[in-house]
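> Sequence first, predicted model second:
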Amino acid sequence: MKSALGVPARGAEIPATMRAVVFTGPNAFALREVPTPQAGAREALVRVHASMVCATDAKILAGKFPATRFPHVPGHEFAGDVVTSMDERFPAGMRVGVEVHVGCGTCERCREGMYTLCLNYGKRETGHAHVGFTIDGGLADYAAIPIAALHRLPEHVTFDQGAWTDNLGVALWALERGRLAAGEHVVVIGPGAIGLCAAQLARALGAGRVTLVGRGKRLARVRDMADEVVDAADVARLRGTADVVVEFAGTAEAARDAIALARRGGRVVLGGATGDGVDLLGVSLSAIVRGNLDILGSLANPKGVSGRALELLAQGKIDVTTLVTHHFPLKRFEDAWRTFTERRDGAIRVMLHPQAGT
């Protein structure tokens, strides 16, 4: 499949148009035939094989991200193969996963490796890009993606697994923020996709015990991904027991629980509330001060952490395959969207396959 740089791989003729999910305006979407994008000098054209929908996509569709401009092609959890590229590190035919944050590369935060905090967010002219947010994403047949966002998939990682590149990095970064040490008790609040990745990664990093806190039908499906599963209604019995608490539920209640569950001198990592409108009320500052707690925010996946997470995936230390509860061809996006947003049949992640013919 490899070919000269900038030349499509054999058998990979690029059509003039493609199918794409288009968010046409707030709370409105359609599957449309649109021009196939062309890769710029620092981009690769990726043929998308696996692409998932996420709760953040619902926020984008609702118009809650001011930097997103309609019409917009969403999708920020996907994998595929390079069709054209001018970068020898990512030649045509290479299988890749995508992380979504691309910093400008020159601001203070980018120079620290914290490109997820780029001070030029949304300014495409500086080189910043947020795939699926400020530029078009991967719920389409093809996507033009900045080279800086690509990760080569290890040999034994499938496209379906590679679509988890971004999520795995988000989960691993949260654990690293919490300075997890071998043998410690980790509590993960929120049994969604990223929380379940965090629970498995905590085990892979040597946690002595992993407790998963959540609610709903999905708990029954994921019991083997933690040493203990606790319903959120019974969480009080864990109070003061955890060395590290990682929260990915995104609610004020979950954040309060996270702080209450940490032992004296413990660490709390809050990673769920990435949008405005969730305020933390009812927490005693004295409990934090006298408990000598570290309360840490965790945003996305800086410093190339997704690449390291893929290595753990390749070693079989994380199971993401069972977290994909539903599969659809791209043409059935509306069914896929309803399945995910309505949590039909205990949906965790719903995957679209743009190259599927049926």
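Here it is on my side, so go on. Numbering: from 1, shown residues only.
> residue boundaries of the helices in the protein?
Ranges of helices in the chain, per DSSP state H, are 55-61, 108-111, 159-162, 165-177, 193-204, 252-261, 285-290, 305-314, 333-341.
> Can I get the ones you listed in JSON lines including mean pLDDT, mean neighbour count and distance to R32?
(Glycine included, C-beta is placed from N, CA and C.) Output for the helices of the chain, formatted as JSON lines (pLDDT from 0 to 100; neighbours: other CB atoms under 10 Å; distance: least, CB to CB, whole Å):
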{"stretch": "helix 55-61", "mean pLDDT": "94", "mean neighbour count": "19", "distance to R32": "15"}
{"stretch": "helix 108-111", "mean pLDDT": "98", "mean neighbour count": "15", "distance to R32": "34"}
{"stretch": "helix 159-162", "mean pLDDT": "98", "mean neighbour count": "22", "distance to R32": "24"}
{"stretch": "helix 165-177", "mean pLDDT": "98", "mean neighbour count": "26", "distance to R32": "25"}
{"stretch": "helix 193-204", "mean pLDDT": "97", "mean neighbour count": "26", "distance to R32": "27"}
{"stretch": "helix 252-261", "mean pLDDT": "96", "mean neighbour count": "21", "distance to R32": "37"}
{"stretch": "helix 285-290", "mean pLDDT": "94", "mean neighbour count": "10", "distance to R32": "50"}
{"stretch": "helix 305-314", "mean pLDDT": "98", "mean neighbour count": "20", "distance to R32": "30"}
{"stretch": "helix 333-341", "mean pLDDT": "97", "mean neighbour count": "18", "distance to R32": "11"}
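> Make TSV from these and add distance to A149 to it.
Listed next are these as TSV, based on distance: least, CB to CB, whole Å:
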stretch	distance to A149
helix 55-61	16
helix 108-111	14
helix 159-162	13
helix 165-177	9
helix 193-204	18
helix 252-261	29
helix 285-290	36
helix 305-314	9
helix 333-341	23
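> Any idea which of these gets closest to G183?
helix 193-204 (11.5 Å; CB to CB).
> elements contacting the closest one?
Contacts defined by 3 or more CB pairs under 8 Å, 6 or more residues apart in numbering; DSSP states H and E place helix 193-204 against helix 165-177, strand 185-189, strand 209-214, strand 242-247, helix 305-314.
> And F70, how close does it get to V187?
As judged by CB to CB, to the nearest Å, F70 and V187 stand 39 Å apart.
> Neighbour count for these two, which is higher?
Neighbour count, other CB atoms under 10 Å: between F70 and V187, V187 has more, with 29 against 14.
> can you pull the contacts of the more buried one?
By CB atoms under 8 Å, 6 or more residues apart in numbering, the residues touching V187 are 210-213, 238, 241-242, 244-246, 258, 261.
> Pull the contacting residues for the nearest residue in space to G137 that is not next to it in sequence.
The shortest distance from G137 to any non-neighbouring residue, by CB to CB, 6 or more residues apart in numbering, is to G75 (3.5 Å). By CB under 8 Å, 6+ apart, G75 lies in contact with 21, 48, 51, 53, 57, 132, 137-140, 143.
> can you put these in a markdown table and add distance to L153?
Shown next, in a markdown table, are these (distance: CB to CB, whole Å):
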| residue | distance to L153 |
| --- | --- |
| V21 | 23 |
| V48 | 13 |
| S51 | 15 |
| V53 | 21 |
| D57 | 23 |
| G132 | 19 |
| G137 | 18 |
| G138 | 14 |
| L139 | 19 |
| A140 | 19 |
| A143 | 16 |
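> where in the stretch 1-150 of the chain is pLDDT low?
1-12 (pLDDT under 70).
> and the gap between P71 and L280?
35 Å.
> ok, which stretches of the stretch 51-200 of the chain are strands?
78-85, 95-98, 101-102, 129-130, 142-146, 150-152, 185-189 (DSSP state E, counting those that start in this stretch).
> Of these, which is nearest E311?
strand 150-152 (10.2 Å).
> ok now the closest one, how far from the chain's centre?
Counting by CA atoms, centre = their mean, to the nearest Å, strand 150-152 is centred 15 Å from the centre of its parent chain.
> now swap in stretch 300-313 and tell me
11 Å.
> repeat for stretch 240-259
For stretch 240-259, the distance to the chain centre is 20 Å (CA atoms, centre = their mean).
> Kind regards, and thank you for your time.
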